[in-house]
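> when you get a sec, could you give me coordinates for this:
(2 chains)
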Amino acid sequence: MSELIELCNSIVVPKYKIMSKNLTSRSEDYSKWYNELVVKADLAENSAVRGCMVIKPYGYAIWEKMQAELDRMFKETGHQNAYFPLFVPKSLFEAEEKNAEGFAKECAVVTHYRLQNDPDNPGKLRVDPNAKLEEELVVRPTSEAIIWNTFKGWVQSYRDLPLLINQWANVVRWEMRTRLFLRTAEFLWQEGHTAHATKSEAVAEAKQMNKIYASFAENFMAMPVIQGLKTESERFAGAEDTYCIEALMQDGKALQAGTSHFLGQNFAKAFDVKFANNEGKQDYVWATSWGVSTRLMGALIMTHSDDKGLVLPPNLAPYQVVIVPIYKNDEQFTEISKQAETIMQSLRSQDITVKFDNRTTQRPGHKFAQHELQGVPLRIAIGPKDLESGTVELARRDILTKELVTLNSLTTTVKGLLEEIQNSLFQNALDFRADHITKVETFEEFKTVLEEKAGFISAHWDGSAETEDKIKEITKASIRCIPIDSKLESGLCVFSGKPSKQRVIFAKAY
RNA sequence: CGGGGUGUAGCGUAGCCCGGUUAUCGCGCCACGUUUGGGACGUGGAGGCCGCAGGUUCGAAUCCUGCCACCCCGACCA
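Down below sits the predicted model:
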């Protein structure tokens, strides 16, 4: 138990509650296991805010690594960062009807702007009834409205296009039921919003960003994803098309890890964003939006971690290597510290991030366990024996092996191993997913596989929302996506028996 | 909002059915000493509105009533 508390400490929260008692292996119910890793923020008693999350420094460092890589990829494709207000006046929010309707049920709304002393309750405050806002402010659940209202003033000519903007921000969605990392009431994310002169350019942008998400997931998170298109009923409110990346967690449930939307001219029309094209004619701009959130941290945990704690891919680990000294006296400690300094310099010269855990308050065994819990990819231990023999002990987090390495080959070995770990994590996740994509032809088979094996199910679908709904109602599995790379293949719908042109991916989802 | 469950120290808990000394145990925390190549050991110590309010009783963590919070399953969820 203590390690869980420690892990919770390192990822999350000031005061926290562990939800279930026993750590279970990955083959058992994953949700129990996941709850062990994840805790909720405990806000003031009687607080109406549920399901918020505090991200503690180590967890935040992982998010910062994700941010940095994504931000770089966005900028490489010509995007710029900007920041827009948290508050969206209700009148703006409701302008794009479908979008407003889609989010209406989960909006936090600011109605007052002042507190005052409560005359009936000395020492307490109450909302000043005279401080009611003329117009309510919606706390953004997403920023399309406020951004498109701003874009109106930024676009006049085709020369102002494309407008490629990204924002790093927090949003609030008042979900009835929350789940840490995967669906918190407030979460951090990035939302891209772009405006284009032509439809084809906007569609290309939406596809491009989805591809960038896929590449980030695979190359940095070591998490294989299926790129696809959402069905109409799963589509973003206000979008014409929603592209997505879908990942498979260790418990066989699917997780939507990122989405990219082609918005058509819906927002341009709602907010009157027109431009003069090169023939001098007025036209509405074409839009996209795309986002990923702290949900990715949940995805990372649920893809790679084992019963000993987190397993981080080297490309996202806050530090890739940790050095633990083992010593009996101050002399040895000084000696080892010098050695560690040399090693760190050498590793850093190869752009490897490394931390020397020189705490004198913890014993080596404790440090070993803690770094395993935090998923540090490689650990170097240096003790008196190593000083004599010119070696160090090098341990891998992912497969928990140890080897003795001589000092002169250390940096090369570390560099090689980091790459190997990154690749092997991806390969393992890929193998796992390959084992859990099942083609089925009949509805009986569909239900059996879902029940006994879980994972993705590849099946024919007649394309109707009615069939989709019925399957969901009966099995709780939804269509995760229509994969973009799937081959056309004629067949019969697994449910209705009607003709189908291609297979789609079904799964139970988080 | 419906069904089920839980609330005792920072965390995890025993005790509750069948009311009765100073509320149990483990982890963690503090001090000192010995230790340090896989989560150290010993000794001593600190820490409790037993979820809240009311009731029954000589006496309530325990029984009754009401409330609150949280968890699980639903509903809900681009």
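
> secondary structure element holding the residue at minimal distance from the centre of chain A?
Centroid-nearest residue in chain A, with C-alpha atoms, centre = their mean: A:L296, separated by 1.5 Å. Per DSSP states H and E, A:L296 falls inside helix A:295-304.

> what does that helix rub up against?
If you take C-beta atoms under 8 Å, 6 or more residues apart in numbering as the criterion, helix A:295-304 is touched by A:30, A:34, A:37-38, A:59, A:62-63, A:66, A:180-183, A:187, A:217, A:221-223, A:247, A:249-251, A:255, A:257-258, A:310-313, A:316, A:375, A:398, A:425, A:429. The C-beta positions use only the backbone N, C-alpha and C, and glycine is treated the same way.

> which among those residues are in contact with RNA strand B?
Counting by C-beta under 7 Å from any atom of the strand, A:R183 from these sit close to RNA strand B.

> near RNA strand B, which residues of the stretch 51-200 of chain A show up?
A:G51, A:G102, A:K105, A:E106, A:T142, A:R173, A:E175, A:M176, A:R177, A:R179, A:R183, A:W189.

> now with 10 Å, please.
Residues of the stretch 51-200 of chain A that fall close to RNA strand B, judged by C-beta under 10 Å from any atom of the strand: A:51, A:98-99, A:101-106, A:141-142, A:144, A:171, A:173-180, A:182-183, A:187, A:189, A:191.

> over to the nearest residue to A:S215 once chain neighbours are set aside. Which of the three states is it?
Ranked by C-beta to C-beta, 6 or more residues apart in numbering and with sequence neighbours excluded, the top spatial neighbour of A:S215 is A:M73, at 7.5 Å. Under DSSP: H, G, I helix; E, B strand; the rest coil, A:M73 falls in the helix class.

> what pLDDT does the model give A:M73?
The model reports A:M73 with a pLDDT of 98.

> hang on, it packs against A:Y213?
No - checked against C-beta atoms under 8 Å, the pair A:M73 and A:Y213 is beyond contact range at 9.0 Å.

> so what's the residue of the stretch 201-350 of chain A at minimum distance from RNA strand B up against?
In the stretch 201-350 of chain A, the residue that lies nearest RNA strand B is A:F236 (3.6 Å; C-beta to the nearest atom of the strand). Applying C-beta under 8 Å, 6+ apart, we find A:F236 in contact with A:G102, A:K230, A:T242, A:T259, A:H261, A:S289.

> and which of those is nearest to A:E445?
For those, the closest approach to A:E445 (C-beta to C-beta) belongs to A:K230, at 24.6 Å.

> in terms of helices and strands, where is the nearest residue to the closest one once chain neighbours are set aside?
Ranked by C-beta to C-beta, 6+ apart and with sequence neighbours excluded, the top spatial neighbour of A:K230 is A:T242, at 4.0 Å. Assigned by DSSP H and E, A:T242 belongs to strand A:241-248.

> now the angle from that strand to helix A:295-304?
Using axes from the mean of the first three to the mean of the last three C-alpha atoms, to 10 degrees, one finds that strand A:241-248 and helix A:295-304 are set 40 degrees apart in direction.

> on the C-terminal side of strand A:241-248, identify the next helix or strand.
strand A:254-264.

> helices or strands up against the helix or strand just after that next one?
Using DSSP H and E, the helix or strand that follows strand A:254-264 towards the C-terminus is helix A:266-271. Applying 3 or more C-beta pairs under 8 Å, 6 or more residues apart in numbering; DSSP states H and E, we find helix A:266-271 packed against helix A:97-104, helix A:144-151, strand A:286-293.

> which residues touch the first one?
It refers to helix A:97-104. Contacts for helix A:97-104 (C-beta under 8 Å, 6+ apart): A:93-94, A:141-142, A:144-145, A:173, A:236-238, A:266-267, A:270.

> burial of the nearest residue to A:P162 once chain neighbours are set aside, as a residue count?
Leaving aside its chain neighbours, A:P162 sits nearest to A:H196 (4.7 Å; criterion: C-beta to C-beta, 6+ apart). For A:H196, the neighbour count with other C-beta atoms under 10 Å is 24.

> ok, now the one 3 residues further on?
The burial count assigned to A:K199 is 13, neighbours taken as other C-beta under 10 Å.

> so A:E468 versus A:E234, what's the distance?
The gap separating A:E468 from A:E234 is 9 Å, by C-beta to C-beta, to the nearest Å.

> flag every buried residue along the longest helix along chain A.
Identified as the longest helix of chain A according to DSSP state H is helix A:407-435. Buried residues in helix A:407-435, defined by neighbour count with 16 or more other C-beta atoms under 10 Å: A:407, A:410-411, A:414, A:417-418, A:421-422, A:424-426, A:428-429, A:432-433.

> check contacts around A:T288.
A:G192, A:H193, A:T194, A:H196, A:A202, A:E205, A:A206, A:M209, A:S260, A:H261, A:F262, A:L263.

> quick one, grab the pLDDT at the fourth one.
Think A:H196. Per the predicted model, pLDDT is 98 at A:H196.

> ok, it to A:F84 distance?
19 Å.

> likewise for the second one?
Shown here: A:H193 relative to A:F84, a distance of 9 Å by C-beta to C-beta.

> the more surrounded of those two?
A:H193 (28 against 18).

> tell me which element that one falls in.
Here A:H193 is assigned to strand A:186-196, by DSSP H and E.

> what pairs with that strand, parallel or antiparallel?
With DSSP bridges as the test, strand A:186-196 is paired with strand A:163-172 (antiparallel), strand A:286-293 (antiparallel).

> low-confidence ranges, chain A, go.
Along chain A, segments meeting pLDDT under 70 span A:1-51, A:121-124.

> what's the domain layout of it?
Chain A breaks down by automatic domain parsing into domains covering A:81-176+A:188-303, A:321-433, A:437-507.

> so of these, which one's packed in deepest?
Of all those, domain A:81-176+A:188-303 has the most neighbours on average by mean count of other C-beta atoms under 10 Å, namely a mean of 19.

> quick one, phi psi at the residue nearest to A:L430 when sequence neighbours are not counted?
Among residues not flanking A:L430 along the chain, A:P224 sits closest, at 4.7 Å (C-beta to C-beta, 6+ apart). Backbone torsions for A:P224, taken as degrees, to the nearest 10, come to phi -70, psi 140.

> from what I can see A:P224 touches A:E218, true?
Yes - at 6.0 Å, A:P224 counts as touching A:E218 under the criterion of C-beta under 8 Å.

> please enumerate the shared neighbours of those two.
A:F426.

> and the residue nearest to A:L248 when sequence neighbours are not counted, how far is that from A:D398?
Nearest residue to A:L248, sequence neighbours excluded (C-beta to C-beta, 6+ apart): A:R433, at 4.9 Å. According to C-beta to C-beta, A:R433 and A:D398 sit 17 Å apart.

> could you dump the contacts of helix A:97-104 to TSV with distance to A:M344?
Compiled in TSV, the contacts of helix A:97-104 are given as follows (distance: C-beta to C-beta, whole Å):
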residue	distance to A:M344
A:F93	52
A:E94	56
A:P141	45
A:T142	43
A:E144	46
A:A145	49
A:R173	43
A:F236	46
A:A237	50
A:G238	51
A:N266	54
A:F267	51
A:A270	55
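
> ok, of those, which one's closest to A:G497?
A:F236 (31.0 Å).

> re earlier: next, show the common contact partners of A:E468 and A:E234.
Common neighbours of A:E468 and A:E234 (C-beta under 8 Å, 6+ apart) are A:S478, A:I479.

> related to what we said a few turns ago, what is in contact with A:H193 and A:F84 at once?
A:S143, A:I147, A:Q167.

> now distance to A:G390 too, for those, in JSON lines please.
Shown next, in JSON lines, are these (distance: C-beta to C-beta, whole Å):
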{"residue": "A:S143", "distance to A:G390": "57"}
{"residue": "A:I147", "distance to A:G390": "59"}
{"residue": "A:Q167", "distance to A:G390": "52"}
